[in-house]
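Visitor: coords please:
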Amino acid sequence: MTPPPFAIGSVTIEHPFVLAPLAGYTDLPFRLLCREFGAGLVYSEMISCHGLVYDQNKTREMIATVPDEQPMALQLFGSEPEIMGQAAAIIDREPVAMIDINMGCPVRKVIKKGAGSALMQTPRRAEEIIRQVVANTSKPVTVKIRTGWNHHSINGPEFARMAQEAGASALAIHARTWSDGFSGTVDYSVITKVKETLSIPVIGNGDIHSYDEGIKLMNETGCDGVMIGRATLGAPWIFSPNINIEPSRALRLKALSRHLELIDQFLPAERLLGKIKNHAGKYIKGMPGSATFRRKIFEQDTFASLHNYIDNMRS
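Guide: Numbers count the residues shown, from 1 in each chain. Here you go, the predicted structure:
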């Protein structure tokens, strides 16, 4: 059974499987690739509110978009309500579908600035941030959170209710606490509680490794959508219902070749060669002969030679 679409504000999400924001990975080429494989909504990497307000070149490059990837949510992070509001006003002029506020990132350099999941410890500041962002854009605003700061302070449902009352149009929840980082056991029961608490759409996130697992999460928790992050790396077909969890060599290499085409079209490929090789290696993980293929990938000294090598592997 095909899961139904849902709406975030005025934006219809035709397929409720969503690409999570992943720092260093969910750039324009990868978002486009995931849309081609069926993702109904894609999120950008974290974008610094200060980088936008101070018009930093790198930040401007990170918010580049094209119509083919829409709907896309541009994810903002920061801890100062006024600056977040100013950044939202800048994004409001960009051709993106919505703005997301990161209140779930557990990385220490983000936490030290009072941003990311640190905001779950300061709900009044978090509320003011949401209100400022909502006040400065006509686009739907979503919020991404965790279940709580640690297992002694599971405040996800209360925090989610606050976000809705502050004007959020949807909420995504990673079923771990800050203290869990990206390990530890997920607690999907909190997603269920959040869904029961809110009237806006809820997107569940955490430890989804296949399309079928995503469907199971929706059925068990009642969430409206499923957000998938690290499991998409080297496996963008995870958004497609008709592709086996162990895809063929031909599909892996076809997807990788298409990813390289998109990188060549939208990014300075030669300058990012190391990062691209890292991405490429993930596509062949577990494939027969993967160790040899991986070594050959990392031996390539130009983007063109890497792309040619992948294309030759396909023939």
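
Visitor: just for this protein, where's the confidence low?
Guide: 1, 244-245 (pLDDT under 70).

Visitor: so which residues of it form strands?
Guide: With strands called from DSSP state E, the chain shows them at 6-8, 11-13, 17-19, 41-48, 72-77, 98-102, 141-148, 170-177, 202-205, 225-228.

Visitor: and those strands as CSV, adding distance to R295 and mean neighbour count?
Guide: C-betas here are computed from N, CA, C, even on glycine. Converted to CSV, the strands of the chain look like this (distance: least, CB to CB, whole Å; neighbours: other CB atoms under 10 Å):
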stretch, distance to R295, mean neighbour count
strand 6-8, 44, 20
strand 11-13, 41, 18
strand 17-19, 30, 28
strand 41-48, 29, 24
strand 72-77, 35, 26
strand 98-102, 37, 26
strand 141-148, 37, 27
strand 170-177, 35, 27
strand 202-205, 34, 26
strand 225-228, 29, 26
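
Visitor: for those strands, which one sits closest to R125?
Guide: With respect to R125, and counting by CB to CB, the nearest of the strands of the chain is strand 98-102 at 11.9 Å.

Visitor: got the angle between the closest one and strand 72-77?
Guide: Angle between the axes of strand 98-102 and strand 72-77 is 30 degrees (criterion: axes from the mean of the first three to the mean of the last three CA atoms, to 10 degrees).

Visitor: strand 98-102 packs against which elements?
Guide: strand 72-77, helix 81-91, helix 123-135, strand 141-148 (3 or more CB pairs under 8 Å, 6 or more residues apart in numbering; DSSP states H and E).

Visitor: please tell me how far S138 sits from T59.
Guide: Separation of S138 from T59 (CB to CB, to the nearest Å): 22 Å.

Visitor: so where do the helices sit in the protein?
Guide: With DSSP state H as the criterion, the chain has helices at 28-36, 49-53, 57-62, 81-91, 108-111, 123-135, 156-166, 188-197, 211-221, 249-266, 273-283, 290-299, 303-314.

Visitor: deepest-packed of these, please.
Guide: helix 28-36 (a mean of 23; mean count of other CB atoms under 10 Å).

Visitor: so F77 bridges to which residues?
Guide: On the basis of DSSP bridges, F77 is bridged to S48.

Visitor: return the residues in contact with it.
Guide: By CB atoms under 8 Å, 6 or more residues apart in numbering, F77 lies in contact with M46, I47, S48, C49, I101, N102, C105, V110, A115, G116.

Visitor: now do the domain split for the protein, please.
Guide: As recorded under automatic domain parsing, the domains making up the chain are 6-239, 249-314.
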